[in-house]
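# the sequence and its predicted three-dimensional model are supplied below.
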Amino acid sequence: MSFGWSGQILRVDLSNRQSQTEDTEPYTRSFIGGKGISVKVVYDEVGPNTSAFDPANRLCFGPGVLTGTLAPAAGRMKVTSVSPHGLMANSGIGGFIGAEIRHAGYDSLVIQGESDRPVYLYIHDDSVEIKDAAHIWGKGTQETQRLIKEEIGDSVEIMCIGPAGENLVSFGCILTGMGSAAGRHGLGAIMGSKNLKAIAVRGTRPIRIAKPQEFVSACEEAHRWLRESESMQSQAVEGAGDRYTLGFGYDGGGVPFGNWEEEDADWDEVPALGDADEFWNEYAVHQYGCIGCPVNHFHLFHVPGIGTGSTKCAGWGAFVANVWNNDRKLMFHANHLCNHYGLDVTSTGNAISFLMELYHKRIITEKDTDGLPMRRGDERAIISTIHKIGKQEGFGELFKNGVLGAAREIGKGAEQCAMVVNGEVIEPYEVRAYKSEALAAAVNSGNIGESLTFEYGYFTDPEAVEEFAEEAYGTKEAGVPSSYEGKAISIWDYENRILACDLLGACGWVFMNWTGGGADTSSLEIPAKLYSLATGRDTSEADLLLAAQRCKTLERAFNVRRGKRREDDTLPRRLFETAVPGGRYKGERLERARFDEMVDEYYALRGWDSEGIPTPETLDRFGLSSEGKVLQQELQEKGSLREGAKS
């Protein structure tokens with residue numbers, strides 16, 4: 001039995017209702033764990049022409065090597081699959097479910113096939129049961145978890161989908177607990193396509209540690225270091241990460257205006273949000289966190305007339321200025337409903353913003369939205385649209401294939417208002433001002449959060465941010481939001497570091513945190529030390545970063561096999577043709593030529609050619625020679641087919 005790892009991967013085939021295990025060890029040398037194992041499984045086992053809803057698609061749940069141990073902030077898990085938009089995608093989830101999978105004896109969970117009827121999976125150590133879910137099909141995520149616990153006991157951890165995932169909405173999510181969700185990329189719809197309503201897990205096994213005494217001491221030291229960190233203190237004591245996120249974004253000029261609009265827009269139409277302290281003092285009832293986290297920056301709210309629930313991170317920005325709203329209660333209500341239906345808050349907020357723009361421009365009328373006027377900021381418009389999408393009723397059916405799918409069905413120029421990259425909506429950040437975020441959105445299918453850098457501290461302490469930027473990336477400009485210099489290397493670096501955290505199950509938000517005084521923590525020295533002590537494999541920060549780059553390269557190679565190229569790594573035309581309409585960065589624009597230079601620089605750092613294809617030399621450098629041969633063969637075959645078509 002290995003140290004650090006549980007030692008087994010659990011595979012479940014829903015088509016024949018069978019399960020089996022395989023050794024983890026063959027994956028660990030190159031891919032460590034977590035997302036790394038999942039990317040390798042999908043690359044090897046899912047063909048380039050396999051669709052998202054094909055039973056042959058794999059749905060992989062990858063807790064990291066430190067998940068379930070005493071390591072602080074190590075409660076994360078990555079979910080990986082081919083998304084409804086056709087590319088390999090990953091989405092993170094926290095809470096307690098990843099640790100429970102580890103304690104059940106598994107380093108990874110791989111689901112394939114398709115059940116002929118609704119089911120849920122119950123894993124209790126060696127026991128793996130596929131149980132009937134007809135009685136919970138159609139239920140919301142909270143009721144689903146309650147009913148399963150009534151059936152099999154309170155001691156299980158559960159992740160599940162809501163009606164949106166069942167209805168194959170392309171931005172259906174997977175949720176655990178009150179509000180921790182694998183939100184982006186529609187992986188809830190993948191569960192729905194397999195008729196898999198939920199996964200319940202109970203684990204009672206220990207994780208063997210190579211150097212237990214040293215590991216415990218190192219964990220105690222890491223917990224203490226996090227608690228004493230200035231920025232982490234503010235999160236744990238004041239809840240600042242949730243409480244002041246929106247005000248910070250507004251003041252820093254990072255909140256987008258409507259659907260990134262400029263025409264017929266007035267910045268004054270989006271008044272400042274109500275007082276954060278007032279909302280917290282009246283409605284917050286509990287502060288909590290993922291397993292083993294000393295920060296506890298989740299908050300549970302009870303709002304009379306709406307309910308009890310939790311929201312965080314992207315949820316705070318999904319229903320504010322982009323939908324012309326300044327009411328925190330409405331924002332919470334919208335998030336609460338998204339959690340109920342199992343909808344990605346980012347995509348849902350963007351869908352509403354999109355409809356509001358179309359209505360404002362008279363591309364659509366209330367006749368197109370079941371008699372509902374989609375006026376900017378209108379509470380009924382926001383809440384009713386969430387119900388329609390979640391239930392797939394009326395005009396909500398337009399969004400089954402996402403915002404771009406809706407735009408194509410509507411026509412009349414609506415596609416120009418679809419703010420998507422590779423079919424995925426852009427997260428609600430003002431990418432015209434923050435150039436690093438523009439690059440991150442372009443190369444990560446609209447997903448910015450996993451490669452956010454330190455620039456938001458610039459407006460409070462520019463000197464400290466510039467000092468860090470110069471030290472880390474060789475130029476102060478890397479820390480200046482509106483500059484293009486140093487952005488490729490900062491995004492490349494942060495992606496590598498956060499992905500390294502994903503291999504370990506460590507929270508990148510904690511270990512890559514930034515503050516108004518520049519980067520507070522960005523070293524992976526502590527995670528590397530904990531990993532070394534847990535597994536007995538002496539591993540440095542450089543080793544972790546190498547594994548992260550290997551994983552990123554293989555993921556890109558898979559998506560290249562599915563047709564992804566340079567032309568896909570860009571942003572909607574509007575973002576190059578309009579300026580920020582107001583706020584700190586009023587008038588700021590994206591310049592196409594400078595943006596393209598950032599992409600060129602990023603490709604060079606990654607070792608990809610001008611089309612974004614990993615070169616044979618890069619694949620060899622990361623020990624991916626055999627995978628590279630498969631890629632080159634397929635590219636040659638496709639090239640021959642194109643030549644034949646031309647002739």
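Perfect, I can see it now.
# for stretch 467-487, measure first residue to last.
Stretch 467-487 has an end-to-end distance of 15 Å (C-alpha to C-alpha, to the nearest Å).
# actually stretch 468-478, not the one I typed
Start-to-end, stretch 468-478 (C-alpha to C-alpha) is 9 Å.
# do stretch 112-131 as well
The stretch stretch 112-131 measures 16 Å between its terminal residues, going by C-alpha to C-alpha.
# please apply the same query to stretch 471-483.
Termini of stretch 471-483 sit 17 Å apart (C-alpha to C-alpha).
# list the buried residues of it.
Residues of stretch 471-483 classed as buried: 472, 473, 475, 476, 477, 478, 479, 480, 481, 482, 483 (neighbour count, 16 or more other C-beta atoms under 10 Å). C-beta: built from backbone N, CA, C; applies to glycine.
# of these, closest to residue 350?
Within the buried residues of stretch 471-483, proximity to residue 350 (C-beta to C-beta) peaks at residue 481, which comes in at 22.0 Å.
# can you tell me which residues contact the closest one?
Counting by C-beta atoms under 8 Å, 6 or more residues apart in numbering, residue 481 makes contact with 253, 433, 434, 435, 436, 455, 458, 585.
# including secondary structure and neighbour count, could those residues go into JSON lines?
Below are the contacts of residue 481 laid out as JSON lines (DSSP: H, G, I helix; E, B strand; the rest coil; neighbours: other C-beta atoms under 10 Å):
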{"residue": "253", "secondary structure": "coil", "neighbour count": "22"}
{"residue": "433", "secondary structure": "coil", "neighbour count": "25"}
{"residue": "434", "secondary structure": "coil", "neighbour count": "26"}
{"residue": "435", "secondary structure": "helix", "neighbour count": "27"}
{"residue": "436", "secondary structure": "helix", "neighbour count": "28"}
{"residue": "455", "secondary structure": "helix", "neighbour count": "26"}
{"residue": "458", "secondary structure": "helix", "neighbour count": "23"}
{"residue": "585", "secondary structure": "coil", "neighbour count": "20"}
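# redo those as a markdown table? Include pLDDT.
Below are the contacts of residue 481 laid out as a markdown table (pLDDT from 0 to 100):
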| residue | pLDDT |
| --- | --- |
| 253 | 85 |
| 433 | 94 |
| 434 | 95 |
| 435 | 96 |
| 436 | 95 |
| 455 | 82 |
| 458 | 83 |
| 585 | 91 |
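# and which of those residues is nearest to residue 496?
Nearest to residue 496 among these: residue 436, at 14.5 Å, using C-beta to C-beta.
# how close does that closest one get to residue 598?
9 Å (C-beta to C-beta, to the nearest Å).
# which one is residue 138 nearest to, not counting chain neighbours?
Nearest non-adjacent residue to residue 138, counting by C-beta to C-beta, 6 or more residues apart in numbering: residue 163, 6.0 Å away.
# now swap in residue 10 and tell me
residue 106 (4.4 Å).
# pick the one among the contacts of residue 481 closest to residue 218.
Distances from residue 218 to the contacts of residue 481, taken by C-beta to C-beta, are shortest for residue 455, at 31.7 Å.
# any idea how far residue 542 lies from residue 366?
According to C-beta to C-beta, residue 542 and residue 366 sit 59 Å apart.
# what are the ranges of the helices in the stretch 401-550 of the chain?
Assigned by DSSP state H, counting those that start in this stretch, the stretch 401-550 of the chain shows helices spanning 402-410, 435-443, 462-473, 487-504, 508-511, 525-535, 541-561.
# who's in contact with the shortest one?
Helix 508-511 is contacted from outside by 72-73, 76, 226, 232, 293, 295, 313, 450, 497-498, 501-502, 521, 524, 526-527, using C-beta under 8 Å, 6+ apart.
# hmm, 7 Å instead?
73, 226, 295, 498, 501, 521, 524, 527 (C-beta atoms under 7 Å, 6 or more residues apart in numbering).
# among those residues, which pair sits farthest apart?
The most widely separated members of these are 295 and 524, with 17.8 Å between them, by C-beta to C-beta.
# my guess is residue 398 contacts residue 404, does it?
No. Using C-beta atoms under 7 Å, residue 398 is not in contact with residue 404, being 11.0 Å away.
# please parse this protein into its domains.
8-202, 229-425, 435-640 (automatic domain parsing).
# residue 218: which of those domains is closest?
Ranking the domains of the chain by proximity to residue 218 (C-beta to C-beta) places domain 435-640 first, at 5.7 Å.
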